[in-house]
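[1] Only the shape, not the letters, is given here:
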């Protein structure tokens, strides 16, 4: 498989709502998942952070997400079916604008219905960091970026300035 080039903020492909995967046996689906896995792993090694990536970030207009928090998981055609009323606020970052942090509000808990690599329907209840990550990635496949979710224009900061102000390492992802 291959490490994909990550598309950056401003590329119009990142603003397109992706198409659903209809044929799970299509070798292109497996290739996309493997490319996402390789690209995520490479980004983590080179940048020191990263938990998830989506197909449009490597130029593929399909509703495919690959995450790796505790274990690697491919998530295909995800839909948020339930959202908590409780919100959480955190600094978010993105492979498509790795030098920028954006303060956003997300639901503290969500339920997601999706398909695994074999086309089997799955349900996932996500809380905290996983909830935030899935909302970020599902936004991506809908053409919505974290900068669109910024609390306001005062809550967008360069990662280097955020690190100075917060005292954190440049490679730390904060929830």
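    Received it, and whenever you're ready, just let me know what you need. Values in this document were obtained by computation on a predicted structure and should not be read as measured data.
[2] Can you find the helix or strand of the protein with the lowest average pLDDT?
    Every helix and strand in the chain was compared by mean pLDDT, DSSP states H and E; the lowest is helix 159-166, with a mean of 88.
[3] by contact count, what packs against that one?
    strand 100-107 (3 or more C-beta pairs under 8 Å, 6 or more residues apart in numbering; DSSP states H and E). C-beta here means a position set from N, CA and C on the backbone, and glycine is covered the same way.
[4] next structured bit after the strand it packs on?
    strand 109-115 (DSSP states H and E).
[5] Let me know the next secondary structure element after that following strand.
    Per DSSP H and E, the first helix or strand lying C-terminal to strand 109-115 is strand 121-127.
[6] hmm, who's touching that next one?
    Identification of contacts with strand 121-127 by C-beta atoms under 8 Å, 6 or more residues apart in numbering yields 81, 108, 109, 110, 111, 112, 113, 114, 115, 116, 133, 134.
[7] The last one sits in which helix or strand?
    Counting by DSSP H and E, the element that carries residue 134 is helix 129-141.
[8] now swap in residue 73 and tell me
    Counting by DSSP H and E, residue 73 is part of strand 72-83.
[9] who does whatever helix or strand comes next after that strand pair up with?
    Where DSSP H and E defines the elements, the next helix or strand beyond strand 72-83 is strand 87-92. For strand 87-92, sheet partners with direction are given as strand 100-107 (antiparallel), following DSSP bridges.
[10] What's the mean pLDDT across the partner strand?
    When pLDDT is averaged over strand 100-107, the result is 96.
[11] Okay, buried residues for it please.
    Buried residues in strand 100-107, counted by 16 or more other C-beta atoms under 10 Å: 100, 101, 102, 103, 104, 106, 107.
[12] Report the beta-bridge partners for the first one.
    According to DSSP bridges, residue 158 are recorded as the beta-bridge partners of residue 100.
[13] which residues touch residue 11?
    If a contact means C-beta under 8 Å, 6+ apart, then residue 11 has residue 96 as its contacts.
[14] for the chain, what's the longest helix?
    Ranked by residue count under DSSP state H, the longest helix found in the chain is helix 27-47.
[15] Okay, angle between it and strand 72-83 too, please.
    Orientation of helix 27-47 against strand 72-83 (axes from the mean of the first three to the mean of the last three C-alpha atoms, to 10 degrees) gives an angle of 100 degrees.
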